[in-house]
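Q: using only what follows, build the 3D model:
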Amino acid sequence: MGATPKLVHVVLQTAQPDVVRDWYCTVLKAHVVHAGHGLTFLTFDDEHHRIALLEVPAEVARPKEPGTVGMHHTAFTFDSLDDLLERYAELRAAGVEPAVPIQHGVTTSLYYRDPDGNFVEMQVDNFATADEATAYMKGPEYDADPVGPAFDVDRMVAARRGGASAAELCTRAWALSGPELPDPMRVLTGAAPSLTA
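A: Presented below is the predicted three-dimensional model:
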């Protein structure tokens, strides 16, 4: 059958490499491995680079338009809900706010936009194993709505600090028990710039 490859890095084109570099260094706690000749290589773990930035001359660069065909987002996972919420608090203190938080059921996810408009998902798995997650994805709740509802992150932070368990908070039932929020697909498809827009 042969070996199965694994995803190693993504390459993003940008006309503002310094701004985009700084954003990814902040959001992912990444550092620059090498920069020069229109390329910047970033990593945040034991791989030599996870994100590369390819500088596009400003005179030929075109901004990403809503609904552009191509890759929609990259996703990065955390070991626990507490880790995800801690990162949320750190980014918020740095002025970086999620465009939309979504309770997918299979994951609890915060979607951010980088300076070029690319979505970056920060998430935690809601199931202990891939088999459990796959079973959920094959079930009726996910089949009826594979995206899930938006949720109030600050309400989640307060509930967690108040003693609510991660297992309780990482459910669609909990997300739906809060204030009604706009359809998150409006943000994901570009119909709205953020949940509050």
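
Q: name the surrounding residues that touch stretch 157-166.
A: 80-82, 85, 88-89, 169, 174 (Cβ atoms under 8 Å, 6 or more residues apart in numbering). All C-beta atoms are positioned from the backbone trio N, CA, C, and that covers glycine.

Q: what's around A158, how many residues?
A: 11 (other Cβ atoms under 10 Å).

Q: so how far is F119 from V100?
A: Here the distance between V100 and F119 works out to 9 Å (Cβ to Cβ, to the nearest Å).

Q: the more surrounded of those two?
A: Applying other Cβ under 10 Å to V100 and F119 shows that V100 carries more neighbours, namely 28 against 19.

Q: let me see the confidence value for the residue lying closest to P57 once chain neighbours are set aside.
A: Nearest non-adjacent residue to P57, counting by Cβ to Cβ, 6 or more residues apart in numbering: A15, 7.1 Å away. The per-residue pLDDT reported for A15 equals 96.

Q: measure A15 to G38 for me?
A: For A15 relative to G38 (Cβ to Cβ), the value is 11 Å.

Q: ok, the two, which is more surrounded?
A: When A15 and G38 are compared on other Cβ under 10 Å, the one with more neighbours turns out to be A15, at 16 against 11.

Q: any idea how far G148 is from the more buried one?
A: Using Cβ to Cβ, one gets 34 Å for the distance from A15 to G148.

Q: just L54 next, same as before
A: Counting by Cβ to Cβ, the gap between L54 and G148 amounts to 33 Å.

Q: same question, G139
A: Counting by Cβ to Cβ - G139 and G148 are separated by 13 Å.

Q: and for Y88?
A: Per Cβ to Cβ, Y88 is found 18 Å from G148.

Q: give me the number of residues near the residue lying closest to M137 once chain neighbours are set aside?
A: In this structure, M137 finds its nearest non-sequential neighbour in V106, 5.7 Å apart by Cβ to Cβ, 6+ apart. Neighbours of V106 under the rule other Cβ under 10 Å: 22.

Q: quick one: contacts for V106?
A: Taking Cβ under 8 Å, 6+ apart, we find V106 in contact with 125-127, 133, 136-137, 142.

Q: neighbour-wise, which one of those leads?
A: When neighbours are taken as other Cβ under 10 Å, the top entry among the contacts of V106 is N126 (22 neighbours).

Q: how many neighbouring residues does the closest residue to it other than its chain neighbours have?
A: Leaving aside its chain neighbours, N126 sits nearest to C170 (4.3 Å; criterion: Cβ to Cβ, 6+ apart). When counting by other Cβ under 10 Å, one arrives at 22 neighbours for C170.
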